[in-house]
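Trainee: Sequence unavailable; structure follows:
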């Protein structure tokens with residue numbers, strides 16, 4: 001198990017390989033005595049106004065629910081009362097005249113808040129309406145969605161607007177439905193916050209908190225050489241957010257630097273849950289077309305659809321290596337090449353190390369050479385012994401389950 005040692009400021013690893021299957025086993029990585037980000041020689045954005053907890057705060061973000069305010073004749077209803085009642089951001093700006101609408105005998109404060117009443121109240125404030133947000137810059141475009149940088153008229157804060165085009169015959173893409181359903185229940189300091197959902201005939205717009213850049217952009221801006229203090233800081237937050245997901249039986253399934261967002265305070269947050277899945281049992285049959293090729297574990301590359309949290313932990317190992325060295329670990333352009341990179345570093349599997357592998361049609365067709373495992377120390381000059389051992393455990397996670405396939 002990983003344990004914290006502040007005085008020595010290093011990672012301690014005392015666990016056995018078969019124990020390293022879930023994020024909670026890895027998450028207690030020491031950041032340092034000073035847990036603030038060490039600023040690289042890079043220009044960071046100026047947002048950083050998220051009301052989420054910082055990297056060193058309590059891991060879960062709690063919102064008040066079903067708050068009942070007593071009828072106190074001597075006190076006026078305040079914006080703070082409304083915010084607590086509806087679980088709104090502290091810096092929300094209520095529309096003119098909104099407070100005056102409610103007397104102290106208003107049902108909003110005298111009765112438990114129903115889902116319908118909360119929805120009506122949020123709509124009156126401005127949530128769920130396109131006109132509440134101003135589009136600024138286009139950040140990116142995909143098959144189903146376009147992402148814009150925007151600004152909320154309610155808080156004057158920057159937001160990210162993910163505009164999903166709706167086809168009349170097909171409706172909302174399943175990835176969008178999946179992302180909304182999961183993020184509504186995932187409230188954590190290291191998971192991007194979904195602020196609002198706007199549904200029209202032509203589009204479904206998801207309003208997220210805005211973060212300055214993703215880990216890929218951060219790497220590029222740093223000349224692919226992140227300060228090792230920040231490597232540990234980012235790894236800790238990645239594991240903490242992932243642990244929260246795994247404890248709630250949610251697999252991200254698409255971990256990559258582009259899906260890890262970072263603000264100027266060094267807060268890292270998991271984003272893009274379009275491929276995420278809720279799992280009800282440790283292993284279950286899913287699609288094997290998940291995870292960007294460079295971060296996909298070998299059993300998935302060979303067609304397995306039975307997987308669990310280990311699919312995310314392999315991705316963590318690849319990202320840890322990339323942060324430490326500035327280059328991707330397995331940059332294959334095809335499945336065959338990706339597996340070749342993996343086996344060349346970790347060794348070609350045999351019937352002894354991976355029972356049943358010699359019967360796998362995909363593996364047989366590629367006819368890989370018999371590689372012996374290389375020493376990770378030769379590829380990670382900036383990692384100490386503990387760091388290399390941690391990386392080794394992350395990349396062995398998948399091997400532990402080989403005998404179960």
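Mentor: That came in fine, so what should we check first? As the structure is a prediction and not an experimental result, all values here were calculated from the model.
Trainee: among the helices and strands of the chain, which one scores worst on average pLDDT?
Mentor: Between all helices and strands in the chain, the lowest mean by mean pLDDT, DSSP states H and E belongs to strand 10-13, at a mean of 36.
Trainee: For the protein, which segments count as helices?
Mentor: Under the criterion DSSP state H, the chain contains helices at 23-26, 79-86, 107-110, 115-125, 174-183, 215-221, 228-247, 298-301, 310-325, 335-346, 361-366, 385-400.
Trainee: and the angle from the fifth one to helix 228-247?
Mentor: With axes from the mean of the first three to the mean of the last three Cα atoms, to 10 degrees as the basis, helix 174-183 and helix 228-247 are set at 90 degrees to each other.
Trainee: List of residues touching stretch 132-141?
Mentor: The contact list for stretch 132-141, computed with Cβ atoms under 8 Å, 6 or more residues apart in numbering, reads 126, 146-154, 158-161, 196, 198, 205, 207. All C-beta atoms are positioned from the backbone trio N, CA, C, and that covers glycine.
Trainee: Make a PyMOL selection of whichever of these turn out to be buried.
Mentor: Typed into PyMOL, the line below selects the buried ones among these, using 16 or more other Cβ atoms under 10 Å:
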select buried, resi 126+146+147+148+149+150+151+152+154+158+159+160+161+196+198+205+207
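Trainee: and the helices of the chain, which one is worst for confidence?
Mentor: Out of the helices of the chain, helix 107-110 stands lowest, with a mean of 55 (criterion: mean pLDDT).
Trainee: Just say which of the helices of the chain is most tucked in.
Mentor: Sort the helices of the chain by mean neighbour count, taking mean count of other Cβ atoms under 10 Å, and helix 310-325 sits at the top with a mean of 24.
Trainee: how about the residue lying closest to residue 372 once chain neighbours are set aside, what does it touch?
Mentor: Leaving aside its sequence neighbours, residue 372 sits nearest to residue 347 (Cβ to Cβ, 6 or more residues apart in numbering; 5.6 Å). By Cβ under 8 Å, 6+ apart, the contact set of residue 347 is 353, 371, 372, 373, 374.
Trainee: Turn the residues you listed into JSON lines, columns for pLDDT, neighbour count and distance to residue 312.
Mentor: Formatted as JSON lines, those follow (pLDDT from 0 to 100; neighbours: other Cβ atoms under 10 Å; distance: Cβ to Cβ, whole Å):
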{"residue": "353", "pLDDT": "85", "neighbour count": "14", "distance to residue 312": "22"}
{"residue": "371", "pLDDT": "92", "neighbour count": "15", "distance to residue 312": "26"}
{"residue": "372", "pLDDT": "92", "neighbour count": "8", "distance to residue 312": "28"}
{"residue": "373", "pLDDT": "90", "neighbour count": "13", "distance to residue 312": "23"}
{"residue": "374", "pLDDT": "93", "neighbour count": "12", "distance to residue 312": "24"}
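Trainee: For those residues, give me CSV that also has distance to residue 332.
Mentor: Shown next, in CSV, are these (distance: Cβ to Cβ, whole Å):
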residue, distance to residue 332
353, 21
371, 15
372, 20
373, 18
374, 17
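Trainee: quick one: which of the residues you listed is nearest residue 325?
Mentor: Distance to residue 325, by Cβ to Cβ, is smallest for residue 374 among the contacts of residue 347, at 14.3 Å.
Trainee: any idea how far the spatially closest residue to that closest one that is not a sequence neighbour lies from residue 162?
Mentor: Spatially, and ignoring its direct neighbours in sequence, residue 374 is nearest to residue 345 (5.3 Å; Cβ to Cβ, 6+ apart). As judged by Cβ to Cβ, to the nearest Å, residue 345 and residue 162 stand 36 Å apart.
Trainee: and the closest residue to residue 260 other than its chain neighbours, what does it touch?
Mentor: Computed as Cβ to Cβ, 6+ apart, the closest residue to residue 260 that is not its neighbour in sequence is residue 215, at 4.2 Å. Residue 215 makes contact with 234, 257, 258, 260, 261, 262, 268, 319, 323 under the criterion Cβ under 8 Å, 6+ apart.
Trainee: so the fifth one sits right up against residue 272, yeah?
Mentor: Going back to what we said before, that points to residue 261. No: Residue 261 is beyond contact range of residue 272, at 9.1 Å (criterion: Cβ atoms under 8 Å).
Trainee: More neighbours: which of those two?
Mentor: A count of neighbours by other Cβ atoms under 10 Å puts residue 261 above the other of residue 261 and residue 272, at 25 against 22.
Trainee: Nearest residue to the more buried one in space, ignoring adjacent ones along the chain?
Mentor: residue 211 (3.9 Å).
Trainee: which residues sit in contact with residue 162?
Mentor: Going by Cβ under 8 Å, 6+ apart, residue 162 touches 145, 146, 147, 205, 206, 207, 208.
Trainee: what's the closest non-adjacent residue to it?
Mentor: Using Cβ to Cβ, 6+ apart, the closest residue to residue 162 is residue 206 (4.3 Å).
Trainee: and the gap between that neighbour and residue 196?
Mentor: Residue 206 is 8 Å from residue 196, by Cβ to Cβ.
Trainee: roughly how far apart are residue 341 and residue 330?
Mentor: Distance from residue 341 to residue 330, by Cβ to Cβ: 4 Å.
Trainee: err, residue 386, not the other one
Mentor: Distance, residue 386 to residue 330, by Cβ to Cβ: 23 Å.
Trainee: Same question for residue 173.
Mentor: Separation of residue 173 from residue 330 (Cβ to Cβ): 29 Å.
Trainee: before we move on, what about residue 319?
Mentor: Distance from residue 319 to residue 330, by Cβ to Cβ: 12 Å.
Trainee: ditto for residue 247
Mentor: 28 Å.
Trainee: pLDDT score for residue 16?
Mentor: What the model reports as pLDDT for residue 16 is 36.
Trainee: Same check on the one 5 residues further on?
Mentor: Note on residue 21: pLDDT of 46.
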